[in-house]
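Q: model the following, please.
(one chain, ligands or ions: 1)
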Amino acid sequence: MTTAQLDHATLVAHDRKQLHPLQHPTSHADPLVVDHAEGVWLYTADGRRVLDGMAGLWNVNIGYGNQELPEVAAAQMRQVAYTSNFAGMTTAPAAELAYRMAGMAHPTLNTTFFASGGSEANDSAFKTARYYWYRLGRKEKYKFIARRGAYHGITVAATAATGIPRYQTMFGPMAPGFSHIPAPNPYRYDGDRRPDETVGQAAARALEEAILREGPETVAGFIAEPIQGVGGVIVPPDDYFPLVRAICDKYDVLLIADEVICGFGRTGMWFGQQQWDLRPDIMAFAKGITSGYLQLGGIQVSDAIREVIDTAPVEDAWMHGYTYSGHATACAVGLKNLEIIERDIVGEIRGRGLLRGVDIVKSKETREADPAKAAAIYNACLARGLRTRNVGNALAFAPPLVINADEVDQIVDILGGVIDSLS
Ligand SMILES: Cc1ncc(COP(=O)(O)O)c(C=O)c1O
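A: Okay, the predicted model is just below:
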């Protein structure tokens with residue numbers, strides 16, 4: 001089976017007509033040309049087989065090559081592929097998916113708004129938080145606190161919320177109103193920590209101090225990934241999120257959970273926040289909702305926020321939405337994808353599930369990061385047919401959730417072999 005009729009050199013030459021995300025064109029000189037894929041495996045046009053330890057971009061949760069989703073998409077496209085979801089119109093898949101998701105992440109999250117991806121989802125979260133405070137007569141509450149190492153997306157606002165300077169330096173000035181505090185990294189905490197504090201307590205105190213520094217009357221929300229992905233797969237200590245929730249309540253700050261990576265089974269539960277029984281006021285989602293088979297994302301908002309939206313006068317309505325909000329085909333695929341995760345996958349994955357990071361250090365004593373060695377391990381793994389990703393100080397592993405024990409062993413064997421050979 002091949003989709004590429006072009007020889008490799010011609011395809012690569014044609015490919016130079018597009019810009020690839022986050023990539024200098026010269027470092028994209030010889031891309032992996034993926035011809036087809038099945039389960040956890042990518043098959044390249046030049047005949048190689050690569051175990052995709054990253055499920056695409058943390059999103060192909062049900063694995064490659066599923067045949068039910070294309071059937072659903074084709075049927076929906078024949079019936080009505082897309083129509084406007086703006087005022088006065090809807091479609092059955094959008095309505096049904098919103099209904100299916102009500103209460104799924106938390107009993108107080110019953111309202112969904114659809115976008116096309118994670119960046120749009122987070123922009124929607126920020127605008128909705130500001131709208132909420134504006135409607136309550138507190139429009140001076142417009143600021144957001146995020147965490148160092150956070151990745152929240154690539155739009156102007158999501159870039160400002162992102163806590164990785166490399167994404168920001170060349171696009172300044174950043175949108176105003178965003179600031180960053182340390183992430184609760186138990187292995188390498190970079191904030192101020194008192195001798196009697198746990199990392200969770202110190203990182204939560206950093207939030208409280210930031211709110212007080214900015215002025216609680218100006219802070220609209222705090223945004224956090226339940227497990228930080230691009231920042232290096234940082235699993236917070238168990239005491240962190242309960243403290244964060246209490247601080248947000250104390251100062252009237254909305255808590256926004258960015259579930260773009262953690263959602264839809266990735267951590268072994270439907271949503272990462274459920275690992276800590278967390279109740280966010282707004283939840284952003286994308287990626288795993290369709291397992292990447294089509295573009296879909298969005299937010300869920302609490303019943304309290306919904307109430308404010310419902311009771312606003314019509315001339316002050318929440319003026320937000322995208323052409324592709326509630327895209328009929330994307331929603332039909334999302335609905336089917338949730339059915340497949342529930343039917344075939346949930347119940348077979350455990351613990352923090354299939355979201356793992358391996359921190360590569362120069363010395364175990366000093367814990368000093370070793371990006372050069374991490375890059376060498378990444379390249380050697382790829383040469384042996386295993387795709388991972390360098391994030392923060394870690395190598396990330398987020399394979400499709402359909403991975404079997406033998407394939408997990410293959411990841412461990414390849415990674416172990418590479419690390420041994422480089423040590
Ligand atoms: C936690 C998180 N939020 C938001 C985004 C942005 O999503 P998208 O690339 O779909 O805009 C990402 C993408 O990786 C992400 O990891």
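Q: got the phi/psi numbers for I282?
A: phi -140, psi 140 (degrees, to the nearest 10).
Q: neighbours of the residue of the chain found nearest the ligand, how many?
A: For the chain, the residue closest to the ligand is G118, as judged by Cβ to the nearest ligand atom, at 2.2 Å. (C-beta placed from N, C-alpha, C; glycine too.) Applying other Cβ atoms under 10 Å, we find 27 residues neighbouring G118.
Q: same check on A29?
A: Count around A29 with other Cβ under 10 Å applied: 10.
Q: make sure the residue of the chain closest to the ligand is actually in contact with I289.
A: No: judged on Cβ atoms under 8 Å, G118 makes no contact with I289 at a distance of 10.1 Å.
Q: neighbours of the closest residue to M101 other than its chain neighbours, how many?
A: Computed as Cβ to Cβ, 6 or more residues apart in numbering, the closest residue to M101 that is not its neighbour in sequence is T112, at 5.1 Å. Residues lying near T112 (other Cβ under 10 Å) number 21.
Q: bridged to T112, which residues?
A: Counting by DSSP bridges, T112 forms beta bridges with Q300.
Q: for the spatially closest residue to F397 that is not a sequence neighbour, give me phi and psi.
A: Using Cβ to Cβ, 6+ apart and skipping the chain neighbours, the partner closest in space to F397 is R356 (4.4 Å). Here is the backbone geometry of R356 (degrees, to the nearest 10): phi -130, psi 150.
Q: give the burial count for R356, as a bare number.
A: The tally of other residues near R356 (other Cβ under 10 Å) stands at 19.
Q: dump the residue contacts of the closest residue to A286 other than its chain neighbours.
A: For A286, ignoring the flanking residues on the chain, the nearest one in space by Cβ to Cβ, 6+ apart is G297 at 3.0 Å. Residues near G297 by Cβ atoms under 8 Å, 6 or more residues apart in numbering: 114-118, 120-121, 260, 284-287, 289.
Q: apply 6 Å and report the result again.
A: Taking Cβ atoms under 6 Å, 6 or more residues apart in numbering as the criterion, G297 is in contact with 115-118, 120-121, 286.
Q: among these, who's most crowded?
A: Counting neighbours by other Cβ under 10 Å, A121 comes out on top of the contacts of G297 with 31 neighbours.
Q: domain parsing for the chain?
A: 8-53+355-422, 69-344 (automatic domain parsing).
Q: pick the most deeply packed of these.
A: Comparing the domains of the chain by mean neighbour count (mean count of other Cβ atoms under 10 Å), domain 69-344 ranks first with a mean of 20.
Q: downstream neighbour of the helix or strand containing P242 in the secondary structure list?
A: Using DSSP states H and E, P242 falls within helix 240-250. Counting by DSSP H and E, the next helix or strand C-terminal to helix 240-250 is strand 254-258.
Q: tell me which element E120 falls in.
A: Taking DSSP H and E as the criterion, E120 maps to helix 118-135.
Q: kindly report the same for A304.
A: helix 303-311.
Q: give me the contact list for that helix.
A: Here helix 303-311 has contacts from 108, 110-111, 132, 135, 318, using Cβ under 6 Å, 6+ apart.
Q: so the helix holding P242 versus strand 254-258, what angle?
A: Angle between the axes of helix 240-250 and strand 254-258 is 150 degrees (criterion: axes from the mean of the first three to the mean of the last three Cα atoms, to 10 degrees).
Q: and the average pLDDT for helix 240-250 is what?
A: For helix 240-250, mean pLDDT rounds to 98.
Q: other SSEs contacting it?
A: helix 199-214 (3 or more Cβ pairs under 6 Å, 6 or more residues apart in numbering; DSSP states H and E).
Q: going along the chain, name the strands of this protein.
A: 34-38, 41-44, 49-52, 109-115, 143-147, 178-181, 219-224, 254-258, 282-285, 297-302, 356-359, 386-387, 389-391, 394-397 (DSSP state E).
Q: just to revisit the earlier point, correct me, but the residue nearest to M101 touches Y99?
A: No: T112 is beyond contact range of Y99, at 8.9 Å (criterion: Cβ atoms under 6 Å).
Q: residues from the stretch 151-300 of the chain in reach of the ligand?
A: With Cβ under 6 Å from any ligand atom as the criterion, the stretch 151-300 of the chain meets the ligand at residues 151-154, 225, 229-230, 258, 260-261, 286, 297.
Q: if you set the cut-off to 8 Å instead, what comes out?
A: Residues of the stretch 151-300 of the chain lying close to the ligand (Cβ under 8 Å from any ligand atom) are 151-155, 158, 225, 228-230, 258-262, 284, 286-287, 295, 297.
Q: what sits closest to H20 if chain neighbours are left out?
A: Using Cβ to Cβ, 6+ apart, the closest residue to H20 is H28 (5.2 Å).
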